[in-house]
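Trainee: using only what follows, build the 3D model:
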Amino acid sequence: MEKYAIYVPRLVTRRENFAPGHRACIGCGEALAVRLACKALGQNIIIANATGCMEIVSSPLPNTTWRVPWIHTLFENTAAVASGIEAGLKVLARKGRILDLDTKVVAIAGDGGTSDIGLQAISGAFERGHNFVYICFDNEAYMNTGIQRSSATPYGAFTTTSPPGKKSIGQVTWKKDMPAIAVAHNIPYVATACHSYPFDLMAKVDKAMATHGPAYVHILSVCPTGWRSPVDLTIKMGRLAVETGVFPLYEVEYGKYRLSVDLPKLRPVTDYLKLQGRFRHLSEDLMNEIQQRTNTEYAKLKEKVG
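Mentor: Numbers count the residues shown, from 1 in each chain. You can find the predicted model right below:
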């Protein structure tokens, strides 16, 4: 049996700050994740949004899905823009132009804009200690521009720039551990989440909002288009990612680790991989290699909790 240590958010609003009517793909897990996150973020925020799927589907002129202040930024500078907004709010407060600093700055981006192109700006913002929340919506490739591989693409996965063939297995590197990189900056709060565990996701975003200083939330977001998975299995895919240990749910508060879902026994990774067309070319030996790596990494995480 799974042991849950999931906090429930203080309040789940019916208001949709990420409004319906956007142009995301059928079964898009990222759109669901953004919707849930926005419920926890509230309205007293300013969002800096990197180029990516959510920017494209949510802001086709003259329409917008956003019911909160929202700024589109480039792939590489989301954290830098968020840092500037946060610093600007401090200046306005100091000059008496605004009454308080209750407005929270939120940066959002995909895995490419986070673990690849935007990593330098993120590292600088964390090191400077800006009071903002950074949320990565991780669909494990550059889905918006044609399903190209990113450093968050899993080992062995097919993408248009890591195709399998006679001498290739697909993606040849292991997924970059972006939450661990955030933890290494000694920031107050880091967490992983998934839209398939909605209350856990909202609670973690809520805790990130309440954190003074940088907070980082990394959200796995199922992409049926890029993953080549059935559109009606988006929730199941997210749960399988957690239950197999491929994407554990945990949080790190001031360096202390806590598992959100404690799994005494992991499900086989094949339960997860075989539902996705991007892994259909993998041999049994490669799947065993992924299983061994998953077991090792999950054991390392359990040691940090213990």
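
Trainee: the spatially most central residue of the chain: which element?
Mentor: In the chain, the residue lying closest to the centroid (Cα atoms, centre = their mean) is residue 219, at 2.7 Å. Here residue 219, judged by DSSP states H and E, is contained in strand 215-220.

Trainee: that strand: what's the following helix or strand?
Mentor: As assigned by DSSP H and E, the chain's next helix or strand after strand 215-220 is helix 224-227.

Trainee: pull the distance from the next helix or strand after that next one to the chain's centre.
Mentor: Following helix 224-227 in sequence order, the next helix or strand is helix 234-243 (DSSP H and E). Its chain's C-alpha centre and that of helix 234-243 lie 14 Å apart, by Cα atoms, centre = their mean, to the nearest Å.

Trainee: now do the buried residues in the helix or strand containing residue 285.
Mentor: In this structure, residue 285 sits in helix 284-305 according to DSSP H and E. Buried residues in helix 284-305, counted by 16 or more other Cβ atoms under 10 Å: 286, 287, 290, 291, 294, 297, 298, 301, 302. Quick note: C-beta positions are derived from backbone N, CA and C, even for glycine.

Trainee: kindly report the same for stretch 42-53.
Mentor: 42, 45, 46, 47, 48, 49, 50, 51, 52, 53.

Trainee: got the contact list for the last one?
Mentor: By Cβ atoms under 8 Å, 6 or more residues apart in numbering, the residues touching residue 53 are 24, 28, 30, 110, 139, 143, 144.

Trainee: let's see that with 10 Å instead.
Mentor: By Cβ atoms under 10 Å, 6 or more residues apart in numbering, the residues touching residue 53 are 23-25, 28, 30-31, 34, 110, 112, 137, 139, 142-145, 221, 223, 225-226.

Trainee: what does residue 178 give?
Mentor: Neighbouring residues of residue 178 by Cβ under 10 Å, 6+ apart: 111, 114-116, 119, 122, 136, 138, 151-152, 190, 192, 216, 218.

Trainee: related to what we said a few turns ago, select only the buried ones of the contacts of residue 53 in ChimeraX?
Mentor: In ChimeraX, selecting the buried portion of the contacts of residue 53, with burial taken from 16+ other Cβ under 10 Å, looks like this:
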select :24,25,28,30,31,34,110,112,137,139,142,143,144,221,223,225,226
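
Trainee: okay, and which of the contacts of residue 53 map to strands?
Mentor: 110, 137 (DSSP state E).

Trainee: what's the angle between the strand holding residue 219 and helix 234-243?
Mentor: Strand 215-220 and helix 234-243 are oriented at 110 degrees to each other (axes from the mean of the first three to the mean of the last three Cα atoms, to 10 degrees).

Trainee: quick one: strands adjacent to strand 215-220?
Mentor: Sheet pairing of strand 215-220 (DSSP bridges) gives strand 132-138 (parallel), strand 189-194 (parallel).

Trainee: can you redo those as JSON lines with distance to residue 200 and mean pLDDT?
Mentor: Formatted as JSON lines, those follow (distance: least, Cβ to Cβ, whole Å; pLDDT from 0 to 100):
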{"stretch": "strand 132-138", "distance to residue 200": "14", "mean pLDDT": "98"}
{"stretch": "strand 189-194", "distance to residue 200": "6", "mean pLDDT": "98"}
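
Trainee: any chance of the ones you listed in CSV, plus distance to residue 126?
Mentor: Shown next, in CSV, are those (distance: least, Cβ to Cβ, whole Å):
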stretch, distance to residue 126
strand 132-138, 8
strand 189-194, 10
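
Trainee: minimum distance to residue 159: which of those strands has it?
Mentor: For these, proximity to residue 159 was assessed by Cβ to Cβ; strand 132-138 is nearest, at 14.3 Å.

Trainee: next SSE downstream of that closest one?
Mentor: The C-terminal neighbour of strand 132-138 among helices and strands, as given by DSSP H and E, is strand 164-165.

Trainee: and the helix or strand just after that next one, what's its mean pLDDT?
Mentor: Downstream of strand 164-165, the first helix or strand assigned by DSSP H and E is strand 168-169. Summarised as a single mean, pLDDT over strand 168-169 is 94.

Trainee: any idea how far the helix or strand following strand 168-169 is from the chain center?
Mentor: Counting by DSSP H and E, the next helix or strand C-terminal to strand 168-169 is helix 178-183. Helix 178-183 sits 12 Å away from the centroid of its parent chain (Cα atoms, centre = their mean).

Trainee: list the buried residues in helix 178-183.
Mentor: Under the neighbour-count criterion of 16+ other Cβ under 10 Å, helix 178-183 has 178, 179, 181, 182, 183 buried.

Trainee: let me have those in JSON lines, extended by pLDDT.
Mentor: Formatted as JSON lines, the buried residues of helix 178-183 follow (pLDDT from 0 to 100):
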{"residue": "178", "pLDDT": "98"}
{"residue": "179", "pLDDT": "98"}
{"residue": "181", "pLDDT": "98"}
{"residue": "182", "pLDDT": "98"}
{"residue": "183", "pLDDT": "98"}
